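Visitor: Sequence and computational prediction follow.
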Amino acid sequence: MQNRSLLWVFILLLTISVGYMLSFSWIVRDYEATVKQVVLEQIGDSIPEDDPRFEARLNKALQDSSEAVAFMGYTYGQIKQKELNLGLDLRGGMSITLEVSIPDLLVSLSDFDNTPEFIQAIDNAKAAQRNSTQDYITLFSEEWKKVANGKKLSAIFSIGSPDKFKLEMTDDEVLAVLRKEASDAIDNTENIIRKRIDQFGVAQPNVQKQALSNRIVVELPGIKDDARISKNLKSTANLEFWNTYFNAEVAQALVNLNDALGKKMAPELWGISSVADTTRKDSTAVAPTAKPDDQLTDDEKRKKNPLFALMQPIFPKDATQLSAVVGQASVSNQDAINAMLRSTEAKSILPGDLRLLWGAKAEQGVAALYAIKTEDPNSKNAKPRLTGKNIQDARPDFDPTTGDVVVEMSMDLDGAAEWREMTKQNAQDNRRAIAVVMDSLVYSAPSVNEEIPNGRSVITFGTGADRDKQMIEAQDLAGLLKAGSLPAPAKIVDKVVVGPSLGDENIKAGLWSFIAAFIVILLYMMFYYAWAGWAANVALVANLFFLIGALVSLGGSLTLPGIAGIVLTMGMAVDANVLIYERVKEELRRGKGMSAAMKDGFLKAISAILDGNATTLITGLVLFVVGTGPIKGFATTLIIGIFTTLFTAIIISRLILYRRLDNKKEITFYSNITKNWFTKINYDFVSKRYIYYFISILIIGAGVWSWTTRGFNMGVDFAGGTSMKVKFEQSVDAEQVRSALNSGLVENGFSAATSVQAIGGTGNEFKLTTNYLINDNSENVDEKVSDKAEEVLNTVGKHEVTSSYKVDASMSDDFRTEAYWSAIIALLLVGIYIVLRFRKLDFAIGAVVALFHDALVVICAFTLLNGLVPFTLEVNQNFIGAILTVIGYSINDTVVIFDRIREYLRERKGGDMKGTINDALNSTMGRSINTSMTVLLTLLVMFIFGSDDIKGFCFAMIIGVLSGVYSTLFIATPIVVDMRRLFGKKAE
């Protein structure tokens, strides 16, 4: 081995560099602990640590004293960016996928055009998008061509956006502009989201636009107030200033609406009959006598006055009670009231320029209803006189007179001029209020006392004891206004929330499983390979050190599956050493000296090591590209681990061995116990192949039967819905939880599909999954589901929701499509690699069939054993990650044997194919068993000591590794024989 001194110097410099990168993590941890202690001493017990206000105080303290941690010229913020990131599952926090609504963007660009063909094309494209991977503009183009009836798109868009579209444009030119507008909207949304996140003071946030989609992934580690963050991220922040009606001006219209709805729902209470008297010749209706109101029961009063039964009307008795507020109602009744306000009766009775909007602030669960005057007969298409585009600055403050928390806004010149005219008119119109509206919620509607000439406006948050909470709300609103409004609405289609307690538990479980697995590998290598095992262990420790350093340098995040990836990397790193050591042992048995045996052993093992790691790299890259969140973290560590494994196994372990050889010290590659293990195996694998074909067909056949009859336990990733982990203070029965959910989560008279699975083995932890409101597209559906689930779970007992996961139906469709194509692509790429590497078609066919076999065995295990084992066998993204990893690992084993077959075929030209394959399989048996044993041991340790989140993944991997060894010995290589027998030389 040449240039060993240079290699030692390189390793030393690399070690110093990695140590330097890791030092930032230690410095940050120490500094944050110190600042946290100072904050705790300042506030005492007034604010608990799990309160969002404590988090805000801590983040501010960290930023204010950032210079105090200056290290080698770096501030706290700069050092924070260089520390080892912990994923959400280890640190707690939330991940949100926002989908920018391109249909709404197109409707907005058309100025809400109501051309029937345009509306139909929009709706048809929406429906098509659920089952298509094409972008929305392409789908809209296809649907428009079907329904256009000779109409041009330019006629629709040139009116709404004349600066972007000209009447003489062709449809293709309009579509090109629409495509650019859609792309710009997604880019602008990403930038605005970044600005909004900055105000939260989140350390190491991640905002990433997904390629080839209109989605943006936002990861915010350490966040505790997920409801607040969700509200701020999905808010379009469209600020508008509207004129208002006085409540006296619409009082009679609301009374008429209430009466009309009552007559429709309960005509008999109004003395109206809807049934004709068939005994009369003229078949006229007989009107019953209406009861006086004072004789009605409470239920009859509600039926007779359906609107006012849910909403307390506010009608003025004199001029002093004039305001824009026409009523108030419980937040829980808003949906029902909104349905009445959208009814046919409402459209015919209420003024065309009246828009009724709820107040943004609900006092004790009660919100006010405001009467907005759009001054346009069609209130839907009306435009406000002022918008947020005219706001130059916004900042939270305290009113110097009242002490109220406020948001002060200043306008640009155009806005100030319009604001002056608007306030002048309203001051002269009996002090008519101006409503400040954002996202269809009224934040403030003060009466205008006088003209405001300087372009300043104020939103008041009222008085209250909880000033900290009000100030947080004011800061959020000011931040939204400064960041700007979204160009199109954004919907949350995927949301993961991990509580800090679960993050701590995952860290402990992950750490213990890693330590245990690492120790098992070290002990096994020392037991089997004696002194050479020590060299492999040193390389293994170096591998771990460099892997973590590379992860930090690349800005990657360490996740729970990432820890699994590291442990798996350790097992696969041993594989490289095993290949080398088994080759050296073969050379020693041939009578070569130690130096020559080591030289030839390393050289002959290189080909198999590179091939095996190349195929694993292929599946790792596929996982990285199609995976999200934790799976991407797993893929990252796996890919990095491949390169660190090649470096440490081929370079470092070799340097250690040669150094000992140069010092004339003894080197042993086996212990007295393991010296002759697996050296005298002579099994005829090929002749018995049909027996094993039958066994495989039997297992897969049983799995397919179970697949079609019992199905799978589909996770929310693929089925859609909401999943949450709940920990009760006391032990409860799973059936009790299930019964409460079935009776409480009811939609349209039917119970939502729910599942309850006990986890942790303590009797008080459960994983709940439901499709409640999965097809509800309303803006606040997330809050509805979480609030209802919380209400139901409170009937069972005191509890904590440690994590939650919500997937929109459209997102689950995409997950299924991505899973399907990722598996197909991985198999194709591996097959192509085998063909290119071995130049033999029969080898590629054998390898791909074996991979299909292994994937099917794992899939069949998950349907056959579902419900029969005491842990969750859920088909989710982790399961797909396990399938792809199994493909990568299984082909690793197959490639090593194919490499040996290729070597034997060169040496035995014209020899018996069956004998050659049997010899190759028998000679590599030690390697196959040893590498599989180390990986299986690490997986078993992870399965036993790891958290529930990782058990399903580990189980799939265990089945996959066992199946991989089986398929390599009994499926892949025998198929090579059958291919040559069937096709002769053509198979080559």
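Guide: Yep, that arrived.
Visitor: Contacts made by stretch 343-357 with the rest, please.
Guide: By CB atoms under 8 Å, 6 or more residues apart in numbering, the list of residues contacting stretch 343-357 from outside reads 242, 245, 250, 253-254, 256-257, 260-261, 264, 326, 340-341, 369-379, 382, 435, 437, 440-442. Heads up, the C-betas are built off the backbone N, CA and C, glycines and all.
Visitor: Okay, and the beta partners of the residue lying closest to S804 once chain neighbours are set aside?
Guide: On the basis of CB to CB, 6 or more residues apart in numbering, the spatially nearest residue to S804 that is not a chain neighbour turns out to be M724, at 4.1 Å. Residues found in beta-bridge contact with M724 (criterion: DSSP bridges) are L768, S804.
Visitor: about what we covered before: and the contacts of stretch 343-357, which of them are in helices?
Guide: Secondary structure defined by DSSP state H assigns 250, 253-254, 256-257, 260-261, 264, 340-341 of the contacts of stretch 343-357 to helices.
Visitor: who wins for most neighbours among those residues?
Guide: Sorting the ones in helices among the contacts of stretch 343-357 by how many neighbours each has (other CB atoms under 10 Å) puts L254 first, at 26 neighbours.
Visitor: Surely V801 forms part of a strand?
Guide: Yes - the assignment for V801 is a strand, going by DSSP: H, G, I helix; E, B strand; the rest coil.
Visitor: Just to check, it is in contact with K725?
Guide: Yes - the pair V801 / K725 is scored as a contact, 7.1 Å apart, by CB atoms under 8 Å.
Visitor: Name the residue in those two with the higher neighbour count.
Guide: Shown here are V801 and K725; by other CB under 10 Å, K725 has more neighbours (22 against 17).
Visitor: and the more buried one, what is it in contact with?
Guide: Under the criterion of CB under 8 Å, 6+ apart, the neighbours of K725 are 502, 759, 765-768, 801-804.
Visitor: which one of those is nearest L486?
Guide: Top of the list for closeness to L486, among the contacts of K725 and by CB to CB, is S804 at 24.4 Å.
Visitor: The nearest residue to F970 once chain neighbours are set aside: neighbouring residues, count only.
Guide: With CB to CB, 6+ apart as the criterion, F970 has its nearest non-adjacent residue at 3.7 Å, and that residue is Y692. Around Y692 sit 16 other residues, with neighbours defined as other CB under 10 Å.
Visitor: likewise the one 4 residues further on?
Guide: Taking other CB under 10 Å as the criterion, the count of residues near S696 is 19.
Visitor: Which pair in the ones in helices among the contacts of stretch 343-357 has the greatest spatial separation?
Guide: Set against one another by CB to CB, the ones in helices among the contacts of stretch 343-357 have their most distant pair in V250 and K264, with a gap of 20.4 Å.
Visitor: Pass me the low-pLDDT residue ranges in the stretch 851-988 of the chain, would you?
Guide: In the predicted model of the stretch 851-988 of the chain, residues 909-911, 947, 949, 983-988 satisfy pLDDT under 70.
Visitor: ok, back up a step: do you know the pLDDT at the residue nearest to F970?
Guide: pLDDT, the model's per-residue confidence, is 89 for Y692.
Visitor: show me what contacts it?
Guide: 966, 970-971, 974.
Visitor: and it, that's in a strand?
Guide: No - assigned with three-state DSSP, Y692 falls outside any strand and is helix.
Visitor: Any figure for the gap between it and Q730?
Guide: Shown here: Y692 relative to Q730, a distance of 52 Å by CB to CB, to the nearest Å.
Visitor: I figured A596 was touching L588, is that so?
Guide: No - A596 lies out of contact with L588 (CB under 8 Å); the separation is 9.3 Å.
Visitor: Looking at those two, which is more packed in?
Guide: Taking A596 and L588 together and counting by other CB under 10 Å, L588 has the greater number of neighbours (18 against 13).
Visitor: Could you look up the SS state of that one?
Guide: Reduced to three states with three-state DSSP, the structure at L588 is helix.
Visitor: Over to A488?
Guide: In terms of secondary structure, A488 is coil; the call rests on three-state DSSP.
Visitor: Can you name the residues that contact it?
Guide: Residues touching A488, when contacts are defined by CB under 8 Å, 6+ apart, comprise 100-102, 104-105, 108, 185, 189, 236.
Visitor: Equivalent analysis for V584, please.
Guide: Contact partners of V584, counting by CB under 8 Å, 6+ apart, are 532, 597-598, 600-602, 669.
Visitor: Widest-spaced pair of those?
Guide: Spanning the widest gap among the contacts of V584 are A532 and D600, at 15.4 Å by CB to CB.
Visitor: what about the two, which has more around it?
Guide: When neighbours are counted by other CB under 10 Å, A532 comes out ahead of the other of A532 and D600, with 25 against 17.
Visitor: Go ahead and confirm that one touches R583.
Guide: No - A532 is beyond contact range of R583, at 11.9 Å (criterion: CB under 8 Å).
Visitor: which is the next helix or strand following the worst-scoring helix or strand of the chain on mean pLDDT?
Guide: Taking all helices and strands of the chain together, the one with the lowest average confidence (mean pLDDT, DSSP states H and E) is helix 52-64, at a mean of 68. Sequence-wise, the next helix or strand beyond helix 52-64 is helix 76-82, with elements assigned using DSSP states H and E.
Visitor: Give me the helices and strands touching whichever helix or strand comes after that following helix, please.
Guide: Tracing the chain past helix 76-82, the next element assigned as helix or strand by DSSP H and E is strand 85-86. Where contact means 3 or more CB pairs under 8 Å, 6 or more residues apart in numbering; DSSP states H and E, strand 85-86 is packed against strand 557-558.
Visitor: elements contacting the strand it packs on?
Guide: Packing partners of strand 557-558 (3+ CB pairs under 8 Å, 6+ apart): strand 85-86, helix 630-647.
Visitor: give me that answer again for 7 Å
Guide: For strand 557-558, the helices and strands in contact under the criterion 3 or more CB pairs under 7 Å, 6 or more residues apart in numbering; DSSP states H and E are strand 85-86.
Visitor: I'd like to know how far D172 sits from T138.
Guide: Distance, D172 to T138, using CB to CB: 12 Å.
Visitor: Those two - which one has more neighbours?
Guide: When D172 and T138 are compared on other CB under 10 Å, the one with more neighbours turns out to be T138, at 15 against 9.
Visitor: what helix or strand does the more buried one sit in?
Guide: For T138, the element it lies in under DSSP H and E is helix 136-147.
Visitor: For that helix, buried residues please.
Guide: The neighbour-count check on helix 136-147 (16 or more other CB atoms under 10 Å) flags 136-137, 139-141, 143-144 as buried.
Visitor: Let's have those residues in JSON lines, adding distance to L560.
Guide: Written out in JSON lines, the entries for these read as follows (distance: CB to CB, whole Å):
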{"residue": "Y136", "distance to L560": "35"}
{"residue": "I137", "distance to L560": "38"}
{"residue": "L139", "distance to L560": "37"}
{"residue": "F140", "distance to L560": "40"}
{"residue": "S141", "distance to L560": "43"}
{"residue": "E143", "distance to L560": "43"}
{"residue": "W144", "distance to L560": "46"}
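Visitor: about what we covered before: if any of the contacts of V584 are buried, put those into a ChimeraX selection.
Guide: Buried subset of the contacts of V584, written as a ChimeraX selection, criterion 16+ other CB under 10 Å:
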select :532,597,598,600,601,602,669
